[in-house]
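S.K.: let me see the structure of the following:
(one chain, ligands or ions: 2)
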Amino acid sequence: MNVLILGSGGREHALAWKIARSRLLTKLFIAPGNAGTLHAGVNVNIQVNDFAAIGEFAKKENISLIVVGPEDPLVNGIHDYFLNHPALQGILVIGPGKAGAMLEGSKDFAKEFMFRHNIPTARYKSFTLTTLSEGYTFLESLNPPYVLKADGLAAGKGVLILQSLDEARTELQHMLEGKFGASSKTVVIEEYLTGIELSVFVLTDGQSYKLLPEAKDYKRVGEGDTGLNTGGMGAVSPVPFADAAFMQKVDERIIQRTIAGLQIEAIPYKGFIFFGLMNVKGEPYVIEYNVRMGDPESEVVFPRIESDLLELLDAAAKGILSKSSLVISKQTATTVMLVSGGYPGEYAKGHEISGLDNIADSMVFHAGTKPTNDGKVVTSGGRVLAITSLGKTMGEALEKSYKNAAIIGFKDKYYRKDIGFDLTS
Ligand code: AMP
Ligand code: GLY
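M.R.: Ligands and ions are numbered 1, 2, ... in the order given. Below is the predicted model of the structure:
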């Protein structure tokens, strides 16, 4: 079968790398892709929100399955677009329709969904500019720190955690007045949860689901989890504290209730669900839902899947996932993200990358790279390359990732040297 992946980051390179190994695959396309996805398939110069161009291309190339990487096109309704166009109806899409994508597209919807289905999450209330004074009163009822979340998508920047009540009041007003544009016209204020975060993923056809390997990502730019939030500076899988007892709670209280909730509300869902969880003294709480895979989590999750991923995606898209099986490697996967100096603030692009051909025992997933006409690879984003390795232990995998992180060069390269620091016992 012919497959089209939408997106251009490390997540999409990891997906492409894995799908390229499928026995079901005839031809793989990635739109728009990057300098790494070129080695797994054919890059196509179409942007992920250009549904008309994607539809035409899919028809022309006889695509059977589209795998949507990022959330944006899902929230914008790409799945519905394919279902509603008679000429495109035979083309299956991995990723929920607009209704399911609300789990990520609206924090308020997600919180209400969790309360309707008794899924553990932080206590919350939502406010708009007309209920600003009630918002102040709710803030006063909470203990610091204060968590304010823009309701809509805000490119990962819509969550503020504030230490003082004064700051929280000021920011609430700024957000409601449009600090994040339309995204923050509604703001969710929630109770702060203290614990350790992890990312849990399932692939579902809306009825049954497969639990994928869990992962932990390192979001802060600085060592020791300090400094600004980024898209993710590294990840590991498995997560040692996610033992059988903890994962059973996650399964019973969170995953099963979420899938059942989607069924009860008649929301079709064929795709990935990413549960951003907090482990609070051994009890799991949902911090957020995402309707896609994580990045850089994908760069450690897909390398641990031994089964044919395309077969699973195809089964999910057809609604027959329960017939498939999923085998997961016992090895540990680690990934270390090489980023452009200055990220997540301002940074330069276009620096030549060296050493890519000298990597033997790691996989290099491209996140922000571009090929040049003369065969070179240059930086084109904040997150540039994810260096993934497998090992019997986390230490063994990290040693390979760090050895290879040092071999690759580009001007102002930066990476955290302490990925996994909090997981060694
Ligand atoms: P989100 O975009 O919802 O994942 O939020 C971004 C980050 O803010 C999360 O990864 C957490 O580190 C933090 N966060 C969000 N909600 C809470 C909460 N209720 N308690 C503590 N930390 C939170
Ligand atoms: N690594 C977190 C995310 O993909 O949202």
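
S.K.: number of nearby residues for the closest residue to residue 241 other than its chain neighbours?
M.R.: Spatial nearest neighbour of residue 241, chain neighbours left out: residue 279 (6.3 Å); criterion: C-beta to C-beta, 6 or more residues apart in numbering. From N, CA and C alone the C-beta is placed, and that goes for glycine too. Neighbour count for residue 279, taken as other C-beta atoms under 10 Å: 19.

S.K.: next one: the one 3 residues further on
M.R.: Residues near residue 282, counting by other C-beta under 10 Å, number 11.

S.K.: residue contacts, it?
M.R.: Residue 282 makes contacts with 245-246, as judged by C-beta atoms under 8 Å, 6 or more residues apart in numbering.

S.K.: if you set the cut-off to 7 Å instead, what comes out?
M.R.: By C-beta atoms under 7 Å, 6 or more residues apart in numbering, the residues touching residue 282 are residue 246.

S.K.: pLDDT score for the residue of the chain most remote from its centre?
M.R.: The C-alpha centroid of the chain is most remote from residue 133, which lies 34.8 Å away (C-alpha atoms, centre = their mean). Per-residue pLDDT puts residue 133 at 88.

S.K.: skipping adjacent residues, who's closest to residue 311 in space?
M.R.: residue 24 is the one closest to residue 311 (C-beta to C-beta, 6+ apart), at 5.8 Å.

S.K.: surely the one you found and residue 310 touch.
M.R.: Yes. Between residue 24 and residue 310 there is a contact under C-beta atoms under 7 Å: 4.9 Å.

S.K.: more neighbours: the two, which one.
M.R.: Higher neighbour count among residue 24 and residue 310: residue 310, with 23 against 15, using other C-beta under 10 Å.

S.K.: what about the residue farthest from the centre of the chain, which SS state?
M.R.: Three-state assignment for residue 133 (DSSP: H, G, I helix; E, B strand; the rest coil): helix.

S.K.: longest helix anywhere in this structure?
M.R.: Longest helix of the chain, by residue count under DSSP state H: helix 394-407.

S.K.: the very next helix or strand once past that helix pairs with which strands?
M.R.: As assigned by DSSP states H and E, the chain's next helix or strand after helix 394-407 is strand 413-414. Strand 413-414 pairs in its sheet with strand 332-340 (antiparallel), by DSSP bridges.

S.K.: any idea of the mean pLDDT for the strand it pairs with?
M.R.: Averaging pLDDT along strand 332-340 gives 98.

S.K.: residues in contact with residue 72?
M.R.: So residue 72 contacts 48-49, 153 (C-beta under 7 Å, 6+ apart).

S.K.: need these in JSON lines (columns: neighbour count, pLDDT and secondary structure).
M.R.: JSON lines is the format used below for these (neighbours: other C-beta atoms under 10 Å; pLDDT from 0 to 100; DSSP: H, G, I helix; E, B strand; the rest coil):
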{"residue": "48", "neighbour count": "20", "pLDDT": "98", "secondary structure": "coil"}
{"residue": "49", "neighbour count": "14", "pLDDT": "98", "secondary structure": "coil"}
{"residue": "153", "neighbour count": "20", "pLDDT": "84", "secondary structure": "coil"}
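
S.K.: now, which of these sits nearest ligand 2?
M.R.: residue 153 (11.3 Å; C-beta to the nearest ligand atom).

S.K.: which ones are touching that closest one?
M.R.: Residue 153 neighbours (C-beta under 7 Å, 6+ apart): 71-72, 75, 105, 183.

S.K.: quick check, central residue of this protein?
M.R.: residue 294 (2.0 Å).

S.K.: in which helix or strand does that one reside?
M.R.: Counting by DSSP H and E, residue 294 is part of no helix or strand.

S.K.: isn't it up against residue 275?
M.R.: No. With contact defined as C-beta under 7 Å, residue 294 does not reach residue 275; the gap is 10.1 Å.

S.K.: the residue of the stretch 1-150 of the chain found nearest ligand 1: neighbouring residues, count only.
M.R.: Residue nearest to ligand 1 within the stretch 1-150 of the chain: residue 122 (4.0 Å; C-beta to the nearest ligand atom). Neighbours of residue 122 under the rule other C-beta under 10 Å: 19.

S.K.: what sits against the residue in the stretch 1-150 of the chain positioned nearest to ligand 2?
M.R.: Using C-beta to the nearest ligand atom, the closest approach of the stretch 1-150 of the chain to ligand 2 is made by residue 11 at 7.3 Å. Listed by C-beta under 7 Å, 6+ apart, the contact partners of residue 11 are 69, 293, 295, 298.

S.K.: closest one of the residues you listed to ligand 2?
M.R.: Out of the contacts of residue 11, the member with the shortest distance to ligand 2 (by C-beta to the nearest ligand atom) is residue 295, at 4.5 Å.

S.K.: contacts only, for the closest one.
M.R.: Residue 295 sits in contact with 9-11, 231-232, where contact means C-beta under 7 Å, 6+ apart.

S.K.: how far away is the residue nearest to the centre of the chain from residue 280?
M.R.: Applying C-beta to C-beta, to the nearest Å, the value for residue 294 to residue 280 is 20 Å.

S.K.: ok, residue 114 next?
M.R.: Going from residue 114 to residue 280 by C-beta to C-beta gives 15 Å.

S.K.: more neighbours, those two?
M.R.: Set side by side, residue 114 and residue 280 show more neighbours around residue 114, with 22 against 14, by other C-beta under 10 Å.

S.K.: am I right that residue 279 falls within a strand?
M.R.: Yes. Checked against three-state DSSP, residue 279 lies within a strand.
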